[in-house]
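Colleague: give me coordinates for this.
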Amino acid sequence: MIFVDSTFLIGLVNKKDQWHKDSKRLAPMVKKSERWISNIVMIETLNGLSKLLDGKQVEIVYNSLNNDYNFYMVDKNIQDKAIQLCKKYNNNVGYADTTHMVIMEELGINEIVSFDTHFDNKEGIIRIK
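Modeller: Numbering: from 1, shown residues only. Prediction:
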């Protein structure tokens, strides 16, 4: 199982993104894995792509994510745990990223495909880059 971050997804779609080549390189490995995203990843990805794509293209990405990825809906319990983790890291890791970390722990996932260095050197997390 692998958690998929928006940095990978945006890089995969946007040919001008700094992570496009790396995303394409990692895509076959990700495709073979049981892939998880959250509603936060969905929001970050679609928000990032909405500046580059028209509404129909954004809808295609939305449908692809819904069909090709397992989806975790963040609830208040996860939000509460994420804010505590954010506090632990003294806000050196953003709230969205700590939310991803909590989800990963809940699901027993230790790998994340991401180009975000905030996931480096965190207990129980291996960042695939």
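Colleague: and residue 36, which helix or strand is it part of?
Modeller: Using DSSP states H and E, residue 36 sits within strand 35-38.
Colleague: could you pull out the strands in the chain for me?
Modeller: All strands of the chain, identified by DSSP state E, fall at 2-4, 35-38, 70-72, 111-113, 126-128.
Colleague: neighbouring strands - and their directions - for the strand holding residue 36?
Modeller: strand 2-4 (parallel), strand 70-72 (parallel) (DSSP bridges).
Colleague: deepest of those strands, which one?
Modeller: Highest mean neighbour count of these: strand 2-4, a mean of 25 (counted as mean count of other Cβ atoms under 10 Å). Heads up, the C-betas are built off the backbone N, CA and C, glycines and all.
Colleague: chain center to that strand, what's the gap?
Modeller: Centroid displacement of strand 2-4 relative to its chain, using Cα atoms, centre = their mean, to the nearest Å, is 7 Å.
Colleague: what sits up against it?
Modeller: 30, 33-37, 41, 69, 100, 103-104, 107, 109, 111-114, 128 (Cβ atoms under 8 Å, 6 or more residues apart in numbering).
Colleague: what subset of those is buried?
Modeller: With burial judged by 16 or more other Cβ atoms under 10 Å, the buried subset of the contacts of strand 2-4 is 30, 35-37, 41, 69, 100, 103-104, 109, 111-114, 128.
Colleague: picking up where we left off before, which one of the strands paired with strand 35-38 lies closest to residue 96?
Modeller: Proximity to residue 96 (Cβ to Cβ) singles out strand 2-4 among these, at 12.4 Å.
Colleague: so which residues of the chain form helices?
Modeller: Ranges of helices within the chain are 6-13, 20-32, 39-49, 55-68, 76-88, 95-107, based on DSSP state H.
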